[in-house]
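> For reference, the sequence and a predicted model appear below.
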Amino acid sequence: MYYLCQEAIARKLIEEVGQMEACCLCSSLKSKGPRRSWDEPLFQSENFVALPSLGSVVQGWVLIVPRPHFICMGALPQGLSAEINNLKWQVAGTLGSIYGDLCAFEHGPSTRGRQAGCGVDHAHLHLVPVHFDLISSASPYLPSDTQWRDGDISDCRTAFRGGQDYLYVEQPFGCGRIAVHDKFGSQIFRKAISARLGFPNRFDWRDHPNLENVTRTVEACRGAASL
């Protein structure tokens with residue numbers, strides 16, 4: 001039995017190393033060479049960075065990303081909750097002073113390769129200046145039986161540990177809601193934001209990197225930091 005347990009642990013470690021090696025965010029965070037604009041942190045703490053989002057549909061779109069490899073925010077150990085919350089409010093303070101009201105959201109996959117993960121199996125919390133109801137705007141892209149309830153990162157953790165994909169939204173900022181389902185599609189909130197802004201076919205960050213918005217976000221945040 002001891003050797004079986006050790007073998008299972010070894011397999012798990014090998015799997016985690018393989019995920020990290022295949023992860024685009026892990027690769028960019030560990031790179032020692034010149035970084036692209038969307039890989040350069042705007043804010044950071046010991047275990048997290050805030051990056052301008054490639055594919056920003058609007059200016060001011062920022063991702064909070066853990067430096068260690070976790071598949072979603074629900075996978076974070078409880079000991080990191082205070083740190084990410086502090087960084088989240090720091091980033092929100094700067095973005096809010098520039099762009100106004102913000103929302104936060106996450107597509108939370110339960111495991112690698114799920115559509116809910118949007119093709120990036122590394123945790124990333126979106127902070128976005130949005131001035132319309134995001135959950136209502138996302139409704140056409142959700143399973144018809146999706147149910148929302150009040151929640152926070154502890155509920156994301158519960159969903160992840162239960163093997164459930166989840167969507168998480170804070171709107172107004174700091175007031176969370178969560179939904180769980182096994183049939184969430186990909187890039188739901190990107191689709192909702194793009195459609196609401198009048199260009200429903202430009203949501204995919206791979207096809208539409210929107211580098212001009214990335215550049216302006218970087219300039220605005222660095223300008224605010226210098227004041």
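Structure received.
> so Gln164 touches Asp182, yeah?
Yes: counting by CB atoms under 8 Å, Gln164 sits close enough to Asp182 to count as a contact (7.2 Å). Yep, even glycine has a C-beta here, placed from its N, CA and C like the rest.
> So which residues of this protein form strands?
Secondary structure of the chain (DSSP state E): strands located at 43-44, 48-52, 62-66, 103-108, 125-128, 149-150, 166-170, 176-180.
> Go through these and name the closest to Thr215.
strand 48-52 (8.3 Å; CB to CB).
> Quick check: the nearest residue to Arg222 once chain neighbours are set aside vs Ser110, distance?
Leaving aside its sequence neighbours, Arg222 sits nearest to Leu42 (CB to CB, 6 or more residues apart in numbering; 7.4 Å). In this view, Leu42 and Ser110 are 29 Å apart by CB to CB, to the nearest Å.
> Okay, helices next: where are they in the protein?
Assigned by DSSP state H, the chain shows helices spanning 2-22, 24-30, 81-99, 134-138, 153-161, 188-196, 211-225.
> could you dump the strands of the chain to a markdown table with mean neighbour count, distance to Ala138 and mean pLDDT?
Converted to a markdown table, the strands of the chain look like this (neighbours: other CB atoms under 10 Å; distance: least, CB to CB, whole Å; pLDDT from 0 to 100):
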| stretch | mean neighbour count | distance to Ala138 | mean pLDDT |
| --- | --- | --- | --- |
| strand 43-44 | 16 | 27 | 96 |
| strand 48-52 | 24 | 23 | 97 |
| strand 62-66 | 24 | 18 | 97 |
| strand 103-108 | 25 | 9 | 97 |
| strand 125-128 | 24 | 13 | 98 |
| strand 149-150 | 10 | 15 | 98 |
| strand 166-170 | 24 | 8 | 98 |
| strand 176-180 | 21 | 10 | 98 |
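> Any chance of a markdown table for those strands, columns distance to Pro140?
As requested, the strands of the chain are exported to a markdown table (distance: least, CB to CB, whole Å):
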| stretch | distance to Pro140 |
| --- | --- |
| strand 43-44 | 33 |
| strand 48-52 | 28 |
| strand 62-66 | 24 |
| strand 103-108 | 16 |
| strand 125-128 | 19 |
| strand 149-150 | 20 |
| strand 166-170 | 14 |
| strand 176-180 | 15 |
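> what's near enough to touch the residue nearest to Arg222?
50-52, 62, 91, 217-218, 221-222 (CB atoms under 8 Å, 6 or more residues apart in numbering).
> just to revisit the earlier point, and Gln164 and Asp182? which has more neighbours close in?
Gln164 (19 against 11; other CB atoms under 10 Å).
> Check the gap between that one and Arg67 for me.
Applying CB to CB to Gln164 and Arg67 gives a distance of 25 Å.
> likewise Val180?
On the measure of CB to CB, Val180 and Arg67 end up 27 Å apart.
> Also Gly117?
Counting by CB to CB - Gly117 and Arg67 are separated by 19 Å.
> Kindly report the same for Ala224.
24 Å.
> what does Lys183 give?
From Lys183 over to Arg67 (counting by CB to CB), the distance is 32 Å.
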